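# any chance you could fold what I've pasted below:
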Amino acid sequence: WLSFAHEHTCRPRNLEEPSGQGPSPPQRLIGRIQSRSTFQRVRAEGRHVRSGPLSCTMLPDSTLSHPHVGYALGRGYGSAVRRNRLRRQLRELVKTREAAMPAGVYVFGASARAHGIAFTELGRHLDSLLAKCAGGSK
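Below is the predicted model:
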């Protein structure tokens, strides 16, 4: 037991709920592909397009409210560090282009030539991929 002189005077005694301060939780608008069966279905039924070192297999799905995205970067691309770096770059680029993506399931891949390409160049290849996907889904 502490005397009043040693208590925290700035804090209310009975705090029942957290304060309203701080950032709000992020809203995830792009879904993730989490099941192997979805990857297999996209590979079997989807439309495959390529632009430079990037590739995309897309399966239109009007039942989805927003695009679902997965990344398939095999060991042939390079070390785990290289694969994760490219995955992070692609994830950032895809976030900014969500409005241009029709509802569906997308699996993005890359050849070893993608290593060392500038971020803006990756963005141009991604724009080209999305244009090809949108053109084929109509």
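# please count neighbours and contacts with C-alpha atoms only from this point.
Fine.
# the worst-scoring helix or strand of the chain on mean pLDDT pairs with which strands?
Lowest by mean pLDDT, DSSP states H and E among the helices and strands of the chain is strand 31-32, with a mean of 83. Taking DSSP bridges as the criterion, strand 31-32 forms sheet pairs with strand 68-71 (parallel).
# tell me which helix or strand comes right after the partner strand.
Heading C-terminal from strand 68-71, the first helix or strand you meet, by DSSP states H and E, is helix 80-96.
# any buried residues in that next one, and which?
Neighbour-count burial for helix 80-96 flags 82-83, 86-87, 90-91, 93-94 (criterion: 16 or more other C-alpha atoms under 10 Å).
# for stretch 39-46, same thing?
Buried residues in stretch 39-46 (16+ other C-alpha under 10 Å): 39, 42-43, 46.
# contacting residues for Leu64?
103-104 (C-alpha atoms under 8 Å, 6 or more residues apart in numbering).
# picking up where we left off before, ok, residues contacting the least confident helix or strand of the chain?
By C-alpha under 8 Å, 6+ apart, strand 31-32 touches 66-70.
# tell me how many other residues crowd Ala114.
For Ala114, the neighbour count with other C-alpha atoms under 10 Å is 17.
# thought it was touching Leu54?
Yes. Using C-alpha atoms under 8 Å, Ala114 makes contact with Leu54 at a distance of 7.1 Å.
# find the centremost residue of this protein, please.
By C-alpha atoms, centre = their mean, the chain has its centre lying nearest to Arg91, at 4.1 Å.
# how near is that residue to Leu130?
14 Å (C-alpha to C-alpha, to the nearest Å).
# what ranges does this structure have for its strands?
31-32, 47-51, 54-60, 68-71, 104-110 (DSSP state E).
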